[in-house]
Every structure is written in structure tokens, then in C-alpha cells.
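Engineer: Sequence and predicted model, in that order:
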Amino acid sequence: MTVGLFIPCYVDQFYPNAAIATLQLLEKLGVDVVYPKKQTCCGQPMANSGFSHLTGGCDDLFTELFEEFDYVVVPSGSCTLHLKDHLHSDKHPESAKGLRKKVYELVEFLTDILQVKELNAKFPYRVGVHQSCHGLRGLHLSQMTELVAPAFSKPNQLLSMVDGLELVDLDRTDECCGFGGTFCVAEEAVSSKMGKDRVADHIKHGAEYITSADLSCLMHMEGILHRQKSNVKVVHIAEILNGI
Amino acid sequence: MSSRNLILAALRENQPEFSALPDLDGPISLETEPVEKFKTLATAIGSKIFEVSNFDQIKEVIIKQFSAKARIISSFEELAAIAETDIKGINPHLLENTELAILKAQLGVAENGSMWVPELNMMQRVLPFICQHLALVVYKKDIVSNMHEAYQILGNSNTGFGAFIAGPSKTADIEQSLVLGAHGPRSMTVFIMN
Amino acid sequence: MKDHAELSEEFNKDEARVDWHDETLWFIREKRDKAVHTIPEWEWLRETGSQIKNNVLSNLSVYLEQFESNALANGVKVHWAANAAEHNEIVLSILKGHQVDRMVKSKSMLTEECHLNDYLTGNGIEVIDSDLGERIVQLANETPSHIVLPCIHKKKEEIGDLFHEFLGTAAGESDPQVLTEAARQHLRETFMTRKVALTGVNFAVAETGEFVVCTNEGNADMGAHLSEVHIASMGIEKIIPERKHLGVFLRLLTRSATGQPITTYSSHFMKPRQGQEMHIILVDNGRSRQLGRADFRNSLKCIRCGSCMNTCPVYRRSGGHSYHTAISGPIGAILAPNLDMKDYADLPFASTLCGSCSNVCPVKIDIHEQLYKWRQVLVKDGYVSPVKAISMKAMAFTFANPTVFEVAGKSGRWFMKNFPSLVSNKLNPWYKEREMPEPPKESFREWYSKNRKIT
């Protein structure tokens, strides 16, 4: 099995440790991982702003770089969902269509494809899980609180394999953090308020770390934690699972 | 072209391809104890429940709670001793001073504590709304599990007017604080008749 | 006209009030959750409701004609209004026909959409809203901020002040019990003296020609049953095929709206009362146009429960008035651009696309997907700022060209300049309450070049 590793643009530039952890974790689990170096972005920033007609170049590039792999793994729920829902290429329509089915977010790849049952990782801290909206309601990584349906959580399933890790309960288990791409600046007031409220919920319940399968949410919450000079830190789930 | 025909023509032009109606035979949960469930739900939405087996017991409850001077109106001849039972032809505005109305519900619905009252049982349409307090009498055998069953029984009967009534009139418009007695009755008493 | 972002910024100047607004609405979302979890077949009910509404949209013209002929047979007068203006003229002509200059009205978001009150007032007609929340906003000279909870943005002390001024309650009185009693007395006099009552319509049944009005207060019934003339205004999408379908919708509506199992009153109007006149006005006002938009027609399935507002993290922190349209919140944001793309171009962007709205929707409208699709339409049709379009083109160029991206992007330099704001750092709104991440020593691709074989 050969996996193409897609590291979203902002993860590459701001959170290399999460990307390194993703790579190392997959390698430890015996996966042959390839990182095509010409990769850039999934196209979501443009599309969610209403400019999906400008993502053609991005989409073609992604399709050409990744069509050969058995799977594409992405340590970001939001980018994964965008690719699954919207990847299309006029140059390579069939490849793009096939790729939409082969793209996996890291957590679901670990639970559904690799069916990981144990991990060699230790993280002796109180951890709050932030459910990114796209991972939750788009990829169904966990059950959504709005629905009358059996509970499950793929991130929690993996985190429960980590030694010493204590999950904290939240008042609002799956409320949005307010990042929302360009929403975070276009609607600064509401976005910041949402972020502050989300962070406060974790702090109230004694979380030492906030983790998530989505770094865009974590970047948003980290920005607020830093401004508030809080000791609470954010960490991508790959870093916990890989054992920091 | 008239607006009617303009609208209909635009709709015909823009309607999507026909989509069939779904089957209503779904995994609908049935109450094993509909009367108990009805009592729980009706109480939860602010109704007071009395289980009775005759009209004397109803009278007893009423006499304890209402003064002899209060205007009481009922559709039950059995209650003629304590209530007016004929208001046919009266101007509905003249019912404004009604303290209590005691009417018959055709159905009770366990899942939400509501009761169906057709116009015929209302004496006058406005009566169950304008009275200060409302009492409904529902027979135990007429309590069904849910709204699907209720509509099965109602069929397409054209009663002119009818309402599901669930508890006293209420509002939570001011800061979500529940207040009973918004415009309609301040209280609802349910007599479940054996 | 101020847009959603500007209006929400104003709303957020009082953070304690935002917290209060958020918590009040979240409390209703929690009540909704509690109520729906008592119904094991809830998801089946939503799916069934959705499919019934799909059928309605596909056969709307037939159902309307069927409804019309059954209503006529029931002795009801049926009117058709192509737009808001025609609706308002019909109401006025009925009032004039009875030489009446005062009317009582129960909750009807359609009349808000049509700005009926302003129109009638301008024509010398006095309108009194009888729903407590609507009466409160009417006294405050405001519009409802929520379709089910019209004055959810107001504190009880502010309502107390209004009632002191207009209804003569004691100064400083803010007990909801006392205020509600004052409104009851004041509106009872109104009900007793108005010859014409207007109500909204929650559902209209094609098969029987009846319409159903749901209230908790009993105000629609008080108005209608004491009036000589009852006017019911309804959007044409309110039609459902058969009476038995009410079983599905009445189970869904109030649990979704407030967490109650059903409203206090679900009144079924079939025929006028003896000696009474009953009118139904069927209003299009852009609905037939929306029906033609394949991506957006599902918005017409809405049964106006307001659950998408209660769950929306943006709505809770921006207030209903920030949407500057009669129907606020997520559903309003996909309905409004159909009415006017220019005036409401901001609304589909007033969302993080979190998707909670679609999950609580009792008829499964794909609200957040339609928000995304409206964004594409609004950009293509030129309703978004040209500055944004230029920076988006630059971004697209960078992302389509790996060498440009790599040179631009070493250690987060390109991002510091371009992401997420697309404006310069000093003015970047990100920094108002947030820090940007520290750029690391090396990007992942730099690390990878040193530590792994390059492909």
C-alpha cells in the first residue's frame, strides 16, 4: 500500500511538527508514504470564498500529483472534506473523480483503513478534544449532537489508546470555533467571540491541551490562547498519537 | 393574465421532476401504557389531571375550586346543576366573563398531552380560548399513542373548525420565562373518565 | 446600508449581552435536543417530512389548485398575490370593503416579509400585533429578531420600561408574570373590539382545503373567533398534500422550535364561523422563482421552526437584526438573496459553514451547502468586492504554480502576508483579539528535503 501524503499549505508553513508526526506515525504503522513535493493547496480558501471557478489550476496540480497512489492521507479534516466534495479536473476528469474516493483524513485512515488497535504513545495530560465542523459533520469522524443516533468518536477511540491521557468533558461538545476561513477576518467580531467561548469551555473543564484533527481550528484557538497569555496549549492529534 | 394564472404558470415551468410521496408506515413507537404516558406529558405541560368515573366526581372538584358566582359553561347536560349548558346563538363577545368552560375532548394524545376538540364540542369556537380556565373531559378509551393515530381516527372529517389543545395558554416571550395564561385560559384541568 | 459584519460588530460591543443572548438561545437548543431524544424514530420523521416536502415542490401547482377548489367549497374566499405589494393591497381592500380602520394580527412572518404593517399604517389603518413578543417589538418600533421568539434580543427590564410607557405598568416593574398579565388585559380589549383579524398559516392541506395555525398564547384564535372577518396570509409553499401528513409535521415543528412536544393550540380552520367571512391570500413573492433555482429550491421546504437560528453559533453571537431581513439566521441567509442579490449579498458569507443548521432542520434542508452555493453565484454575478476578487486571483495563481509557491512560501513568509486576511498586517482584523502562529525555523517541505528521499 502506497500512500500519498498531502500536507495542507498552512500546515506546511506553520505546523511542520504536525506534518512530521503524521509521516512518522504512518511509517511506524508500516505504510509506504510518499510526499510529492510540488503540492500546494486543496483550493478550499478560494472555493469557500465563492471563487470555486478559480481553483482549476490547483485541482489539476493536485490530481496530477496524487492520482497514482492507493490512498491520499491528509492531517486536516477541512481540506479532506473539500477534496472529497469538490475536487474536479477538466484535464483529468476520471482521475479526479477516483481521487475523491481515495482521500482520507488521518484519523479515519487510522481507524477505518489501518484499523489500528493499539498505539505506543504516552501523553500524561488532561486533553480537550475540539471537533472540527468539517471533520464532524462532513466526514462523520464522531456522532453529531444534533442527531438521534448512536454515539461514537473516532478521535476518542484513538486517544483512548494513549497512556496517561485524560479526556475532559465539555459543555458544548461540538460547537464551531469560529475560524471559517476568510470568515475569521471578514466577520472578525463574531469569529473572535466564537473562538474565545470555545477556548473558555476547555479551560473551564481543566484542559491542559486542546487537540483536534484540524489545525485551522487549532491555529484559531491558539491565537486566542496566546493573546490571553494562557498556559493551555494546542496540539494536533497526530503529535499525540505519534508520541511526542 | 391574472396573478393566479401567472403564479400557476411560473410554478408549472419551475417545478422539478415529480417526486413520490413517502410511505407513513415507519418505525413509529407505540406507547405500551398510553394513559400513563398521557398523564405524564399533560402534567409536564401544565395540566392538572383528575381520574374520575362519573360526573359527580367532576362536580366535586369544580365546586371546591370555583365560587358559586363564577360563570361556568359546559357542553355536558350532566353538569347542568353547576353550569350553563345552552349558549347557542349568543354573541361570542358575551362569553368574555366566562370563568370556566368544561368541554368534551374527542381524543387524547399520549405523546404530547394534547386533546382534539372539534367545533361541535366547543359550543362556540371562541369558548375554549376566551374562558379564564378550561377543563376537558377525555375518555380513557379515547387516548391514543401519537399524532399519526390521532389523524387516522379523525380521517377527513370536516368539522368546520377543530383544535388540538395542550395545556393552558402560555408564553415565554419575555426572556424565556414561562408564564401561564397569555391570552387564553390560565389553567387546564383534564378529567380522564373511566 | 450596514452589512452583517458591521451590524454584528456593533452587537459585540457589549460582550456580556452577547453571552446572555448566546446562552438563552443555546438553552432552547438544549431543550430541543432533550425533546427529540425522546422520539426514537426522530430521524425517520425528519426524512419523511423532507420527502413530503419534496413531493410538494414537485407538484405545487396541482396542490394549490386542489386547495383552492376545496377551500372555495368550504365557503372561504381565495386570493392570489404575485408579490408583496399585491398582498398588501388585497388586505387593504378587504378592510376598506368593511369600512374598518383597525385590525388585530397574530404572528405571520409573511406579513413581515411584505412589510404589511408599514403599508397599512401609511393608509390610515391601525394594526396591533397580538403575539406578546411581536407586540413588544411593535411598541419598541422594531422588527422581530427571530421568527419564533420575536423579542429574544430584549431584556425584561427594557420590556418593563416599554410597558411602563405604553401600558401603564409600574416604573421599574420587570417581572415577566406581571408584564404578561398587563399585556393580556391590554390585548383582551383589542380582541373584543376588532372586526378584522389577520393570522398566519403554518400548514394548508390540499386535500381538505383547511389551514392550520399553531400558537402557544391562543392569540390567533382569540382574534379569529371574535372577528367578523378572518384573513389568513400564507406563502404558497405552506401547502401539504393530505391531512395525515399533519401528523408528521406537528410532531416535528414544536420539538424543533422550542422543545415542547406540541404547541398549546394547533387550530384547524376548515370553514368560516356562521356569519363570518374568511379569506385566504396565497402569496408568491419570489417563491416560484426560487423553485426554478435547482440548487436553492429546497429552501422552500422550510416550516419556520427557527431551530437553525437557535443552533447557529453565528446567529447566537450576532443577533437577528444583524441579518437585516425579515427571516434572519441561516435559513434567512439562503432565502434573502432570492429576493435581492445586491441587498443580501453579505448574508451567505455570515457563516462558518459549520453545518449544525442542516442537522437540526426538521425537513433536512441542506442549508450550509446552499450557503456555499450562494457564495459561488454571488461572486460570479459580481456582487462581491473587486479587491477581494483580485487577491483571490493572486492566491489561485500561487497555488497553481508550485515553484512560485515554494519561493513565496519559505517558512511562512507568504502566509504572513497573505493568509488569512488578504490585507496588510497592521490593519489585519485577525490581530484584534488573536495572535498569528510563530513561523517555525523550517517548513515541512524543507524538513522533508533534509530527512527523506525527494520524489
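Structural biologist: Ah, there it is. Predicted, not measured: the structure shown is a model, and the values here were computed from it.

Engineer: Check the offset of stretch C:354-373 from the chain's centre.
Structural biologist: Relative to its parent chain, stretch C:354-373 has a centroid offset of 13 Å by Cα atoms, centre = their mean, to the nearest Å.

Engineer: Output that stretch in PDB with nothing but the alpha carbons.
Structural biologist: C-alpha atoms of stretch C:354-373 as PDB (Å, rounded to 0.1, in the frame of the first residue of the first chain):
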ATOM      1  CA  CYS C 354     -20.300  24.500  10.300                       C
ATOM      2  CA  GLY C 355     -23.400  22.600   9.200                       C
ATOM      3  CA  SER C 356     -25.200  22.400  12.500                       C
ATOM      4  CA  CYS C 357     -28.200  24.200  10.900                       C
ATOM      5  CA  SER C 358     -28.700  21.400   8.400                       C
ATOM      6  CA  ASN C 359     -28.600  18.800  11.100                       C
ATOM      7  CA  VAL C 360     -31.300  20.300  13.300                       C
ATOM      8  CA  CYS C 361     -33.600  21.200  10.300                       C
ATOM      9  CA  PRO C 362     -36.700  19.100  10.700                       C
ATOM     10  CA  VAL C 363     -37.200  18.900   6.900                       C
ATOM     11  CA  LYS C 364     -33.500  18.300   6.200                       C
ATOM     12  CA  ILE C 365     -32.800  21.400   4.100                       C
ATOM     13  CA  ASP C 366     -29.100  21.400   3.200                       C
ATOM     14  CA  ILE C 367     -28.700  24.900   4.500                       C
ATOM     15  CA  HIS C 368     -24.900  25.100   4.800                       C
ATOM     16  CA  GLU C 369     -24.400  23.600   1.400                       C
ATOM     17  CA  GLN C 370     -26.800  26.300  -0.100                       C
ATOM     18  CA  LEU C 371     -24.800  29.000   1.700                       C
ATOM     19  CA  TYR C 372     -21.700  27.700  -0.100                       C
ATOM     20  CA  LYS C 373     -23.500  27.600  -3.400                       C
END
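
Engineer: That one near chain A at all?
Structural biologist: Yes - on the criterion Cβ under 8 Å from any Cβ of the partner chain, stretch C:354-373 is in touch with chain A at C:354-356, C:358-360, C:372. C-beta coordinates here come from the backbone N, C-alpha and C atoms, glycine included.

Engineer: By neighbours, which of those residues wins?
Structural biologist: residue C:354 (29 neighbours; other Cβ atoms under 10 Å in any protein chain shown).

Engineer: Phi and psi next, for the residue nearest the centre of chain B.
Structural biologist: Note on chain B: the residue nearest the mean C-alpha position is residue B:165, at 2.8 Å, using Cα atoms, centre = their mean. Torsion angles at residue B:165 (phi, psi; degrees, to the nearest 10) stand at phi -120, psi 130.

Engineer: wait, isn't residue C:389 in contact with residue C:378?
Structural biologist: No - in terms of Cβ atoms under 8 Å, residue C:389 does not count as a neighbour of residue C:378; the distance is 11.5 Å.

Engineer: Between the two, tell me which one has more neighbours.
Structural biologist: residue C:378 (21 against 16).

Engineer: centre of the chain versus the helix or strand hosting the more buried one, how much separation?
Structural biologist: For residue C:378, the host element (DSSP states H and E) is helix C:367-380. Offset of helix C:367-380 from its chain centre (Cα atoms, centre = their mean): 17 Å.

Engineer: So for that helix, mean pLDDT?
Structural biologist: Averaging pLDDT along helix C:367-380 gives 97.

Engineer: and the one residue in chain A that gets nearest to chain C, what element?
Structural biologist: Per Cβ to the nearest Cβ, residue A:57 is where chain A lies closest to chain C, at 2.5 Å. Per DSSP H and E: residue A:57 is located in helix A:56-66.

Engineer: ok, how many other residues are close to the residue nearest to residue C:173 when sequence neighbours are not counted?
Structural biologist: Spatial nearest neighbour of residue C:173, excluding adjacent residues (Cβ to Cβ, 6 or more residues apart in numbering or on different chains): residue C:160 at 5.2 Å. By the criterion of other Cβ under 10 Å, residue C:160 has 22 neighbours.

Engineer: Need the contact partners of the strand or helix carrying residue C:160.
Structural biologist: Using DSSP H and E, residue C:160 sits in helix C:156-167. For helix C:156-167, the surrounding residues in contact (Cβ atoms under 8 Å, 6 or more residues apart in numbering or on different chains) are B:174-175, B:177, C:136, C:139-140, C:151, C:169-176, C:179, C:182-183, C:186.

Engineer: re earlier: what about the spatially closest residue to the residue of chain A closest to chain C that is not a sequence neighbour, distance to chain B?
Structural biologist: In this structure, residue A:57 finds its nearest non-sequential neighbour in residue C:400, 2.5 Å apart by Cβ to Cβ, 6+ apart. Separation of residue C:400 from chain B (Cβ to the nearest Cβ, to the nearest Å): 36 Å.

Engineer: Kindly report the domain assignment for chain A.
Structural biologist: A:2-113, A:126-242 (automatic domain parsing).

Engineer: got JSON lines for the ones you listed, with mean neighbour count and mean pLDDT too?
Structural biologist: Formatted as JSON lines, the domains of chain A follow (neighbours: other Cβ atoms under 10 Å in any protein chain shown; pLDDT from 0 to 100):
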{"stretch": "domain A:2-113", "mean neighbour count": "21", "mean pLDDT": "95"}
{"stretch": "domain A:126-242", "mean neighbour count": "21", "mean pLDDT": "97"}
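
Engineer: Save the ones you listed as TSV, and put in distance to residue C:284 too.
Structural biologist: TSV is the format used below for the domains of chain A (distance: least, Cβ to Cβ, whole Å):
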stretch	distance to residue C:284
domain A:2-113	28
domain A:126-242	32
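
Engineer: Can you say which of the ones you listed is nearest to residue C:330?
Structural biologist: When the domains of chain A are compared by Cβ to Cβ, domain A:126-242 sits nearest residue C:330, at 12.2 Å.

Engineer: Who are the contact partners of the residue of the stretch 201-350 of chain C found nearest chain B?
Structural biologist: The minimum distance from the stretch 201-350 of chain C to chain B, using Cβ to the nearest Cβ, falls at residue C:218 (2.9 Å). Residue C:218 is in contact with B:129, B:169, B:182-185, C:264-265, counting by Cβ under 8 Å, 6+ apart.

Engineer: Of the residues you listed, which is the most crowded?
Structural biologist: Among the contacts of residue C:218, residue B:129 has the most neighbours (other Cβ under 10 Å), with 32 neighbours.

Engineer: Please name the nearest non-neighbouring residue to the residue of the stretch 201-350 of chain C closest to chain B.
Structural biologist: Leaving out its chain neighbours, the residue that sits closest to residue C:218 by Cβ to Cβ, 6+ apart is residue B:184, at 2.9 Å.
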